[in-house]
Structure formats: structure tokens, C-alpha cells
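[1] model this:
(chains A and B)
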Amino acid sequence: MMIADGIEDEEKWLAEGIAGIQHNAFYLHRAVDSNNLREALKYSAQLLSELRTSRLSPHKYYELYMRAFDELRRIEMFFKDEERHGCSVLDLYELVQHAGNVLPRLYLLCTVGSVYIKSKEAPAKDVLKDLVEMCRSVQHPIRGLFLRSYLAQISRDKLPDIGSEYEGDGDTVMDAVDFVLQNFTEMNKLWVRMQHQGPIRVKEKLDKERSELRDLVGKNLHVLSQIEGVDLEIYKDTVLPRVLEQVVNCKDELAQHYLMDCIIQVFPDEYHLQTLETLLGAFPQLQPAVDIKTVLSQLMDRLSNYAASSAEVLPEFLQVEAFAKLSNAIGKVIEAQVEMPVVGAISLYVSLLTFALRVHSDRLDYVDQVLGACVKKLSGSPKLEDNKATKQVVALLTAPLEKYNDIDTALTLSNYPHVMDHLDAGTNKIMAMVLIQSIMKYNTCVSTAEKVDVLFELIKGLIKDIDGTLADELDEEDFKEEQNSVARLVHMLYNDDPEEMLQIICTVRKHIMAGGPKRLPFTVPPLVFSALKLVRRLQGLDGEVAGEEVPATPRKIFQLLNQIIEALSNVPSPELALRLYLQCAEAANDCDLEPVAYEFFTQAFVLYEEEVADSKAQVTSIHLIIGTLQRMNAFGVENRDTLTHKATGYSAKLLKKPDQCRAVYACSHLFWVDDQDGIKDGERVLLCLKRSLRIANAAQQMANVTRGTGGPVTLFVEILNKYLYFFEKGNPQVTSAAIQDLIELIKTEMQSDTATPDPASDAFFACTLRYIEFQKQKGGAMGEKYDSVRI
Amino acid sequence: MVPLFQSQENISGKISIEPVSGKKVEHNGIKVELLGQIEMYFDRNNFYDFTSLVRELDVPGEIYERKTYPFEFSTVEMPYETYNGVNVRLRYILKVTISRGYAGSIVEYQDFVVRNYGPPPSINNSIKMEVGIEDCLHIEFEYNKSKYHLKDVIIGKIYFLLVRIKIKNMDLEIRRRESTGSGANTHVETETLAKFELMDGAPVRGESIPIRLFLSPYELTPTYRNINNKFSVKYYLNLVLVDEEDRRYFKQQEITMFRLGETS
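    From the prediction side, this is the model:
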């Protein structure tokens, strides 16, 4: 209610003020129309007395002021016309000073002053100086601000600027500058004083009111920037030092922030560049609460844009050592403002970094220097807990990545990891992800072990558990995504030189081995494949790198791989380890390293025996083993026998009959490799097939016993297909008679009472028969072969 | 309109007497007097003539028709200026008396004004003073002169050394102090002739407020000191500060007013 009343009252007072102005304006106009100077002065003074009110907020006061302003224009016109009132401008200048009240007196004085300057009966500088001095009489902040704003307004086009008609005869641009500076200083003092005066009100309201008036003060700086004659010299020697003096001395945060901003916005960038030291020198002297970072960022932004505007200005930046000065200033600001929150300091560094990246993109040392300074600032406190500060640090770390599109660059920055150390675990991870994504995005290849080491040091948040992180806090999906990223990263590490590549692999291994059971399944496979890739490459270089001293030999790599996979099998993640062993075995085979391949197979079997317990996993594993073993050609008879024997043995020992059956007929391939000098042991092939047939029979019988129905004939058809394969490949042990028997058997089975109709296996069988028919029809050697088979 | 003279001037003229047509005026002699009078209002009808000069114009006789008498008071000493105050009036009169034995004498008066111009004073120091209320308000003010002529401008400044009160505004007043009589019968009357606002709002320490007061709009007289032991008129500049609770703080300083010769 109180506030509402206040506003209503204000409306009322404003209305009264406006009415007062209108009333007096009426008589004023009449006096002017009848060329009556005395009356005109009387009513204009009365009219202006309405501006003496203390009851209006700045906003409403402005409304009132604008009304009075319009009338003052009319009075000025009248004053100008000496013929109408018959009074010389000098006399008029005295006459208006007879007014008893100070505010109307000064408004009139300024108005006559304007006419006086125009008449050129006195030097502009003298009149301006008199006006700006006399205006001291109004010490009330709002009234004073508006009065001086009026003075600024009427004097704007009358400053003795270069090229202005008021220049010359001792009136110089310095007089104009002095005048504006003085008016600015006084206005700022009044503006700052607003907060200490008047009835005690809510601070926010006062601040809001002050903000409404700030442009009145700032306008002066704008005027200064518009004065043609203010060249760099004058700006440097007079304007800037005096403005800054006022800014610093007023000790008011609102004013300091606004005015620093103003200076940066209104004056040209090249001036800023040439006066950086002076300008920056003011910052550490500002009040602690001033939002320096925004202002400084503005400055750096502007300078960056300026630098970008043309290549010609870049030497200037170097010449004035812009970066060093900015860096120095920021250091001083941070040092001076002990109270400044960390986030503020970091934001400053972010701005500086952005500046460095934009202006001196070739100077990595600058970037590192900024990071170093940041580390120094952060080193006081342990880990960042402030959310905003963390964000700023992330921004700080991301900026170079985005600029250079190249992780290499970041890796050469010695302070980069130190900055990351100050992030909390979660953010550290996010940052690590950013790094990886940057690498992915730009397809950057990290090509030395040293850099890899640095990189993994950087992303260690992803690589291993950091103290204090509880595993169950992690979101499973996030974790997977993170680890998949690391896995992808491993593939981006590459060097053409095998030795260096081996170093890289060793380095990665060193880091990922610390990852613990949850990470290894993600990180080991890519490393293994990366290593295998190197093996293949060495193979390609065969002979060229035969030197004794060469460290990067396949043998050595295989040793390494063995250790790596072993770690995985201990996790335990036996199935994955098993697959990797098999991959390695195959690679070793290709390198003709029989013992190595044998060792890998041994490991695979050991895992199969000891760790793979799940029957489904067993089926998959045994098939993988069989498949890999089939392709092995490095083994001698003995080793191969041992391994095939094992494989067949395990196949027959699978839990489910169909699984057994399938594994066993798959084993048949172990004895028949369709290569030029592959093993071709027809007898043992047949043994396997017969054995699988027996198992299929057993399965069928078991089905009859347990369920009362026969199982599907699929297994038989599958075996038939194996027969056909070997038959075609020319295995003498597989005869057309055997095929014939099998076909009959299947037909019988399908027609038996207990047969379960199964369209899939029926179709499979029909297709197989059609194939046989097709081969028969085809004629030739194959057709002849099939001739004896009847369907 | 009244004639204007200054001291040491010759005051001369003609006095014409014309009887109503066809009648004669019988008299015991005609004279003209130049009187300088001080009149106190609280002492009604009591005039003090500080100057009294007489010229006999005619011996006793009769006048039948218009008759003109030239007269002259040469280099008359008129040290005091004409003054119209609150309690006192100083006037100069020419008094013509036609004495008659019976039916009373015929008396006619003519006022005239005397203004005396002086050269600018040879010594005219500024007035400079520091005043204050302990721990509350300390100011230093300066008026460029201590003696001003009537169309002069007072230039000066007020410098705030310490401000612990919330000042609302500051005025400069010109006050006239007229004292009449002497001893127990002294009457003092003070008028404020000018109230000129010097400052609006509350200054802070270190502010310096300019003074520029044109005296011409105000009806001032020179300072009169102990005129014929009857009265004095003195002028004061009164600096008044008003705080937000409408308390007034003031400091009064006498200034000397003088009439500057037109030529100088």
C-alpha cells in the first residue's frame, strides 16, 4: 500500500509540475509575443522553478525536464533576437543572473550563454568556463545532473573544436576538452553522490534510479569522442588520464563499471591499443565489487575484433606488447582484489586466452602462459567446488582445442594438465570427453609416445578410478559411453614408424592397465587390435627390418599381447580374452611363429577349461576355436594333433546333443583344409561325420524318449550338407553310397509316426535335394560324380 | 521629480510671488531658508536641523502684482545624503516664508535630494573567514571586497571544509541595519533587502560554491555612520545555510556601501 501510494503521489506531483509549467508557459508566450523582456524573464524563471522539486524520481523528473526544455528552446529563440527585446547579449547575460533562485537562474544563464557564444562577442571558452563553474551551485544530484546535462546539450555544437566556427583566437580544442571533462567530472560526482543522499530508501531502488541516469554522465564521454580535435596525443595526455582519475577516485562500483565500459565503447580501438598501459593501470584500482571481468572481456573482445579487421594493425599489437600488458594487468587485478571469487579470475583468464588465440594464434607460449597463470591462481585451493568456476575452467581448456582443431597443440602446453588437475572428478571426465571428441571430430592422429603419455595423463579421469569416486555413483550408460570413447581414441594413436608405434602401445598399456576390472573389457580390445595391426605391418616390411637390434619385432609384440590379455582374463572376462588369444594366435600363425601361436592356443584352451562355464558361451567359444584352428598352417603335425584332438574332445563334451553334433561335424574341417598344401585326412573327416551322425541319432532317440516325438531332422540335413561338401571336394572316404544312405535315413525319419513336422527343416532338405539334382543335371565331372546318387 | 544636488553645489533659483488678482499682499518681510533636517518618526514633529541657511528676499511692504526674487546659496555644505528609512528621514528643503503680522505667515516648501559621490576607497580588502560548528560544519567564505559601490557585483566563493549535516540550500542575504537615537533611546531596525539563493542541495567536503551577486537590482544606499549623532545605516552580508530540518546556520559580515562617482 505504501508503495502504491508513493507512486500515485508521484503521478500527482508530476501532474502539478506540468500544470505549473504550462501555466507559466502561457504568460511566457504572451510576453515573448509582445517582446516584453522583463515579463519573459519573470515567467521563464517561474516556469523553471517547477524543476526545483525534490519529490520526483529521476524517471518522472525527466518528463518534467523535457517539458521545460521545450520552453527553453523558445526562450533561446527570443534571446537571440536582440531587435525584439532591445537588450545586448552581454546585458542579458547579467540580467538573467538577477534571478533569486539558483536553479532557474542557471538554466537561464546557460540559455543566454548559448546565445552569447553564438554571437561571438566573447570567446567561447570564456563563456563555457563561466557556465561550467557557475553550475557548481547546484549540488542536488538529480537537479544538478539535469542542469549539467542541459549545459552539455546546448554547448555541444558550440565547442571550439577543430574546424568549428568557434575555433581560433585563443580558443583551442583543449578548451573544449577541458570544458567537457570538467562537466563530466562534476556530473559523475553528483551521480555517485545520489546513493548517499535523500531519504533512506531501498538500495536496489536507488541503484535502479541511478542506472536510469547513467547515460547523462556517459554522454559526456561520447561528446569527447566526437570532438574532431581529440587526436591520439590529446587522448593519451589529457582525456584518458583525467577520465580515469575521476573513475578511480569516485570509488563507486556502479559508476566505475559503467564508465570503464563507456570508455571502451566510445573511443576508437587504436586509441585503446596505444594507451593500453594507462587504461589497464586503472583496473586494479577499482572497487572490489566491480565486475572487472566483463569490462576487460569487452576490451579484449574489441581488440581482438580490431586485430581481425585488418592485417595491417597486427604489428601495432606486437609493438605495444598488447598481450604482455593485458596479461600483466589481469595479474595485478587478481592480486589487488583478494576478495574476487575464483570464477572471476578464471573468467578473466578465459578472456585473455581468447584474445591470445584470436590475435596471436601463432604464439602457443602465450596460451601456455595464460594457463600457467591460471594454475598459479588455482593452486591456493584444493579442488574447485564452485560450479560456475568449473564451467569457466572447462571453457579455458576447450578454447585452444577449438582454435587449433588439433589435440597436438594442447598436448604441447605444459600447463594444460595442471589446470585439469584442479577440476573435480566429474568435470575432469567431461573435459576428457571433450578432448577425445575433439580428436575424433578433427580426425587428429596422435603420433608420438610422449604425446600419448601426456594425453592419457590428461584423460586419466576416464582411464582409472580417481580417489573419492564411488563406483556405484556412475551411470552405467555414461560409463559405457566414456569407455567406448577411450576405445575409439586408442585407434587414433598412430605412427608410421614401428618403433614409435610400439612405444605408443606400451604407453597406452601402461595407462589402461590401471583401469580396473570394469574398464579393461573396453580398453584392452582396441589396444590388442592396434598391436596386431602393427604386427601385420611388420609382416609387410618383412626382411627390411631384420636387424638384431630392432626392438619392434612381432615376437616382442606377442609377448606384450600375452601380458595384456592375461590381465583381461584375470578380470575376469574369459570369453573376451579367449577371442583375443585366438586373434593373436592367428596373427602369430601368419608370422610363422609356431610356438607363439601354440602358446596362445594353449591359453585359449586353458581359459575354456577353467573359466568358460556357461554352456552357451562354451558353444560359441568352441566354434571360434575350431574356426581359428582350421586356418592355422604354422603348426607341425604333433602340435596340430594335440590341438585338434583337444578341440574334438571338447566338442563331444558339450552339454546339449545338438550342440555336440554341430561342434563335432564342424571339427571335420580341421582335417580337411581346402588349400594346396592343406591337410587332407579323409578318414578322420569321415570319423567326425559319422560321430556327429551318431550323436544326431542319439539326440533323436532322446527326443523320442523324453517327449514322445522325434526331434526335427535339421541335424541330419546339416550333416548331409557336410557330406556333400567333402564329397565334392574329393574326399575319397565320403562316397555316394554314404550320401544315398543318409538321404534315405532322412526320408525315413521324416515319414516316421513320431516325426514333428517342421517346415524349416523340410525346406532345407528339399533345397539340398534340389541342389543334388542340379549338380546331376549340370553334367561334367561333377555330374558324373553325382550320377550314382538317387533321390 | 525632485531636483538632485550634491554637497558644495550652488543652489540658486527664483521665487515668484503672485497675489490673487486685484488683491495685495501685505507682509513683514520675505525669506528663503535652506534646511537640512533629520526627522525621527517615533519623535513626531521633532525636527533636528543640522543645516539652516537664510536669505532675506524682501523688506516688509506690500505686493500688488507678480514679483520674482532670485536667490542663491553658494557652495552649500551638505555632508549628508537624503535618506528615507524605517524610523528616520533625512531631507533637504527650501522653505519660503512670507511673514505677516496677522492671519499667520505663508510658508512653502520644496524638497530636493542630495547625493554625494566619493572616489573608490584606497584600501579595499577582501573578506575571508573560516567559520564552523565543531565537528558539524566548517566553511570558509570569501567576498572579493569589503567595500562595494551601489552597482557593484559581489564575487566570492564558499568552500566546504567539513560537512556533517544535510544542507538543503544556502542563501546570501543583504541586510540593512538602521539604528536611530542614542543611549537608552536607540531604535534598531533590520531589513532584508535581498535574498539570493547561492546553492541548491547538499554539498560534500571539498566543494567550492561560486558567489556572483549583482547589486544593481536592489535599492541600496551608501553606508551612513552616525549621521549627526542621530542615526546610522549599515549593510551586512548574511550567509545562511539551511539544513533538512530547517535549522538555520548563518554568519553575518558587515560590508561598506558607497556611492561611486559617475565619471570614475
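[2] can we go C-alpha only for contacts and neighbour counts from here?
    Noted.
[3] Residue A:246 contacts residue A:185, doesn't it?
    Yes. With contacts counted by C-alpha atoms under 8 Å, residue A:246 reaches residue A:185, the gap being 6.3 Å.
[4] residues making contact with whichever strand or helix holds residue A:38?
    For residue A:38, the host element (DSSP states H and E) is helix A:37-49. For helix A:37-49, contacts defined as C-alpha atoms under 8 Å, 6 or more residues apart in numbering or on different chains pick out A:20-22, A:24-25, A:27-29, A:31-32, A:68, A:75, A:85, A:96, A:99, A:101, A:103-105, A:107-108.
[5] same question for it, mean pLDDT?
    Helix A:37-49 carries an average pLDDT of 95.
[6] quick one: low-confidence ranges for chain A?
    Within chain A, the stretches with pLDDT under 70 are A:1-6, A:197-201, A:381-385, A:466-474, A:541-551, A:708-711.
[7] coming back round to it: from the chain's centroid, how far away is the helix holding residue A:38?
    Centre-to-centre, helix A:37-49 and its host chain are 66 Å apart (C-alpha atoms, centre = their mean, to the nearest Å).
[8] buried ones in it?
    In terms of neighbour count (16 or more other C-alpha atoms under 10 Å in any protein chain shown), helix A:37-49 has its buried residues at A:37, A:39-49.
[9] got it, and stretch B:123-138?
    Under the neighbour-count criterion of 16+ other C-alpha under 10 Å, stretch B:123-138 has B:127-128, B:132, B:137-138 buried.
[10] By pLDDT, give me the weakest of those residues.
    residue B:132 (90).
[11] That one - nearest residue in space that isn't next to it in sequence?
    Closest residue in space to residue B:132, ignoring its immediate chain neighbours: residue B:138 at 4.1 Å, by C-alpha to C-alpha, 6 or more residues apart in numbering or on different chains.
[12] Tabulate the CA atom coordinates of stretch A:582-592 in PDB.
    What follows is stretch A:582-592, C-alpha atoms only, in PDB (Å, rounded to 0.1, in the frame of the first residue of the first chain):
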ATOM      1  CA  LEU A 582      42.600 -66.600 -30.900                       C
ATOM      2  CA  GLN A 583      43.100 -63.400 -32.800                       C
ATOM      3  CA  CYS A 584      46.700 -63.300 -31.600                       C
ATOM      4  CA  ALA A 585      47.200 -66.900 -32.500                       C
ATOM      5  CA  GLU A 586      46.100 -66.300 -36.000                       C
ATOM      6  CA  ALA A 587      48.400 -63.300 -36.300                       C
ATOM      7  CA  ALA A 588      51.200 -65.400 -34.900                       C
ATOM      8  CA  ASN A 589      50.400 -68.100 -37.400                       C
ATOM      9  CA  ASP A 590      50.700 -65.600 -40.200                       C
ATOM     10  CA  CYS A 591      54.100 -64.600 -38.900                       C
ATOM     11  CA  ASP A 592      55.000 -68.200 -38.900                       C
END
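[13] How about residues contacting that stretch?
    A:532, A:535-536, A:539, A:554, A:558, A:561, A:594, A:596-601, A:604, A:624-625, A:628, A:631-634.
[14] go again using 6 Å as the cut-off
    Here stretch A:582-592 makes contact (C-alpha atoms under 6 Å, 6 or more residues apart in numbering or on different chains) with A:597, A:600, A:634.
[15] what distance separates it from the centre of its chain?
    43 Å.
[16] Count the residues that sit near the closest residue to chain B within chain A.
    Closest residue of chain A to chain B, C-alpha to the nearest C-alpha: residue A:140 (3.9 Å). By other C-alpha atoms under 10 Å in any protein chain shown, the residues close to residue A:140 number 26.
[17] isn't it right next to residue B:201, touching?
    Yes. With contacts counted by C-alpha atoms under 6 Å, residue A:140 reaches residue B:201, the gap being 3.9 Å.
[18] List the ones among the contacts of stretch A:582-592 that fall in strands.
    Assignment to strands by DSSP state E places none of the contacts of stretch A:582-592 there.
[19] Now the buried members of these.
    Neighbour counting with 16+ other C-alpha under 10 Å marks A:597, A:600, A:634 as buried within these.
[20] Next up, the contacts around the last one.
    Under the criterion of C-alpha under 6 Å, 6+ apart, the contact partners of residue A:634 comprise A:589, A:592, A:594.
[21] Tell me the secondary structure at the second one.
    Using DSSP: H, G, I helix; E, B strand; the rest coil, the structure places residue A:592 in coil.
[22] Now residue B:69: which helix or strand?
    strand B:67-73.
[23] for residue A:693, same thing?
    Judged by DSSP H and E, residue A:693 forms part of helix A:682-707.
[24] ok, now residue B:197?
    strand B:187-200.
[25] Packing partners of that strand?
    Counting contacts by 3 or more C-alpha pairs under 6 Å, 6 or more residues apart in numbering or on different chains; DSSP states H and E, strand B:187-200 is packed against strand B:167-180.
[26] so what secondary structure elements neighbour the strand it packs on?
    Helices and strands touching strand B:167-180, by 3+ C-alpha pairs under 6 Å, 6+ apart, are strand B:187-200, strand B:231-243.
[27] ok, the residue of the stretch 101-250 of chain B found nearest chain A - contacts?
    Of all residues in the stretch 101-250 of chain B, residue B:201 sits closest to chain A, at 3.9 Å by C-alpha to the nearest C-alpha. Counting by C-alpha under 6 Å, 6+ apart, residue B:201 makes contact with A:139-140, B:168-169.
[28] ok, back up a step: which is the succeeding secondary structure element to the helix holding residue A:38?
    Downstream of helix A:37-49, the next assigned helix or strand under DSSP H and E is helix A:58-80.
[29] next SSE after that next one?
    helix A:82-85.
[30] and the helix or strand following that next one, what other elements does it pack with?
    Of the helices and strands lying after helix A:82-85 in sequence (DSSP H and E), the nearest is helix A:89-95. The helices and strands touching helix A:89-95, judged by 3+ C-alpha pairs under 6 Å, 6+ apart, number zero.
[31] Of all the residues in helix A:89-95, which ones are buried?
    For helix A:89-95, a neighbour-count test (16+ other C-alpha under 10 Å) marks A:89, A:92-93, A:95 as buried.
[32] mind giving me the domain ranges of the chain?
    Chain wasn't specified; assuming chain A. A:1-121, A:123-267 (the TED database).
[33] That was the other one, I meant chain B.
    The record's domain parsing of chain B by automatic domain parsing lists B:4-114, B:127-258.
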